[in-house]
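coords please:
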Amino acid sequence: MALARTHAVALLGLTGALVEVEADISGQLPGIVLIGLPDAALSEATERVRAAAKNSGCPLTRNKLTINLSPAALPKHGSGFDLAIALACLAADDAVSAESVESVVHIGELALDGRLRPTSGMLPAVIAAARLGHTTVMVPAGNAAEAALVPGVRVIGVASLRDAAIWHGSRLEPIQVDAIQAPGDGSVDTVEPELADVIGNDDAILALQIAAAGGHHLFMVGPPGAGKTMLAARLPGLLPDLDPEASLEVSSMRSLSGRGVGRALATRPPLEAPHHTATAAAMVGGGSGRIRP
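Numbers count the residues shown, from 1 in each chain. Predicted structure coming up:
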């Protein structure tokens, strides 16, 4: 019986940590055991992986499979580990090349028919993989354009588990499937309100220009209807384009919140307008599971 391993990425907010996915086949009673502090969604990966592998024409072994997510003390959230788990299991069974699987970081969720679903937070996950020294990442076809925005990383977009297995050396015949696309077009709004549209309010306009030019904070006080929101919406139009580091951070926030990134990084400063009743914790972001903005 064999042991194989590959890598995935666990996100904690915008910060990603590399996770080693190990699969071991033993001669005990048939079954799949997943260990390594998975959450509820990840614990269900064993059923998704088994069904996806069977429907892709590369069923998993009938022997006992033990899957370990290391480091075990790091919490793992979500379904983005499915692809790594499936390929580690297939590599342990010699259905694909273990050396090829070990050299690639795999991120993606499996559908029961074997296709790969786009995963939110793909951009910060690929950034984390690149920061930790990995240069090849396999992702769902619907996330390929987003992942390719990270410089210095070879992105392999696959539509299904069968395609992923073939890329890793399986002798299966290719079968064309319709790739699952990310919801929405992921486009970033580029139309910004113009300060020239504001009539009057000369003192407020001057204050806006001074704040934008000097990078100062701006505190707007006034009764409802005085024009605070109208002026605030026009402040980003006075600001310069984002530098590359800020552009990656803004785009990563969009990816993590599930809004999509599209084929280009956000280059303009975004305007966020939380409701006036929002608490400080609500504006920072959080949650009982994966931290989200």
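
can you list contacts of the worst-scoring helix or strand of the chain on mean pLDDT?
For the chain, counting by mean pLDDT, DSSP states H and E, helix 280-284 ranks last in confidence among helices and strands (a mean of 80). When contacts are defined by C-beta atoms under 8 Å, 6 or more residues apart in numbering, helix 280-284 is touched by residues Pro274. Yep, even glycine has a C-beta here, placed from its N, CA and C like the rest.

Same question for it: list its buried residues.
Within helix 280-284, no residue counts as buried by 16 or more other C-beta atoms under 10 Å.

For that helix, list the C-alpha coordinates in PDB.
Extracted in PDB, the C-alpha atoms of helix 280-284 (Å, rounded to 0.1, in the frame of the first residue of the first chain):
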ATOM      1  CA  ALA A 280     -16.800  48.600  14.400                       C
ATOM      2  CA  ALA A 281     -16.700  44.800  14.400                       C
ATOM      3  CA  ALA A 282     -19.100  44.600  11.400                       C
ATOM      4  CA  MET A 283     -16.900  47.000   9.400                       C
ATOM      5  CA  VAL A 284     -13.700  45.100  10.100                       C
END
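
in the stretch 151-293 of the chain, which spans are helices?
With helices called from DSSP state H, counting those that start in this stretch, the stretch 151-293 of the chain shows them at 161-167, 202-214, 228-233, 244-256, 280-284.

For Leu12, which of the ones you listed is the nearest?
Ranking those by distance to Leu12, with C-beta to C-beta as the measure, places helix 244-256 first at 10.9 Å.

Which positions in that closest one come out as buried?
Within helix 244-256, the residues scored as buried using 16+ other C-beta under 10 Å are Ser247, Leu248, Glu249, Val250, Ser251, Ser252, Met253, Arg254, Ser255, Leu256.

Surely the fifth one is in contact with Arg268?
No: at 11.3 Å, Ser251 and Arg268 do not qualify as touching, with contact defined as C-beta atoms under 8 Å.

Many thanks, have a good one.
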